[in-house]
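> Model the following, please.
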Amino acid sequence: DAERHPVRNVYDGDTLTLVNEKRIRFLGIDTPEIKEKQPFAEEAKAYTKERCHKKDIWISFEPGHEKEDHYGRLLAWVWVPAEGGEGYLCVNEGIVYAGLATVYTPKKSSKLHNFDKMIKMQRDARKS
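Below is the predicted model:
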């Protein structure tokens, strides 16, 4: 079940802050760091900002996984209405498909439900 939340600010490609001040860390991905001026960090942030900044998002959690990381951020799947209004886009998957994020699972974590799909998206993005 997804929970609807308004977004206050997008920090970077894989982190945002809700109006209630809770921070969300996108589950299953890693984007380049803004602070370290890594290549494509600004593009990754722009991707997420365009879809989430000052808008309502829906978050869901991975069954059997921790809901928070060691910084107290919620580890979640982030959903927004799809372009054209049909269904929803999982932003975590979309940013991988766009080639602006890599698939990431912490070492002690079990595999995510869509891990194989995201690895294929990552491979396809690197080819194009």
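> I'd like the distance from stretch 25-45 to the chain centre, please.
10 Å (Cα atoms, centre = their mean, to the nearest Å).
> Pull up the distance across that stretch, start to finish.
Stretch 25-45 has an end-to-end distance of 13 Å (criterion: Cα to Cα, to the nearest Å).
> How about residues contacting the helix or strand hosting Arg4?
In this assignment (DSSP states H and E), Arg4 forms part of strand 3-12. Defining contact as Cβ atoms under 8 Å, 6 or more residues apart in numbering, one finds that strand 3-12 is touched by 16-23, 31, 33-34, 41, 44-45, 48-49, 52-60. (C-beta placed from N, C-alpha, C; glycine too.)
> Pull up the distance across stretch 100-113, start to finish.
Start and end residues of stretch 100-113 are separated by 21 Å (Cα to Cα).
> how about it: buried residues?
Buried residues in stretch 100-113, counted by 16 or more other Cβ atoms under 10 Å: Leu100, Ala101, Thr102, Val103, Tyr104, Thr105, Leu112.
> so the first one sits right up against Ala41, yeah?
Going back to what we said before, that points to Leu100. No. Taking contacts as Cβ atoms under 8 Å, Leu100 lies outside contact range of Ala41: 9.1 Å.
> on that earlier part again, of the contacts of strand 3-12, buried ones?
For the contacts of strand 3-12, a neighbour count by 16+ other Cβ under 10 Å gives the buried set as 16, 18, 22-23, 31, 41, 44-45, 48-49, 52, 57-59.
> I'd like the buried residues of stretch 100-113 written out as a markdown table, with secondary structure, pLDDT and distance to Glu68 added.
Converted to a markdown table, the buried residues of stretch 100-113 look like this (DSSP: H, G, I helix; E, B strand; the rest coil; pLDDT from 0 to 100; distance: Cβ to Cβ, whole Å):
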| residue | secondary structure | pLDDT | distance to Glu68 |
| --- | --- | --- | --- |
| Leu100 | coil | 97 | 25 |
| Ala101 | coil | 96 | 20 |
| Thr102 | strand | 94 | 22 |
| Val103 | strand | 93 | 21 |
| Tyr104 | coil | 88 | 16 |
| Thr105 | coil | 79 | 16 |
| Leu112 | coil | 83 | 16 |
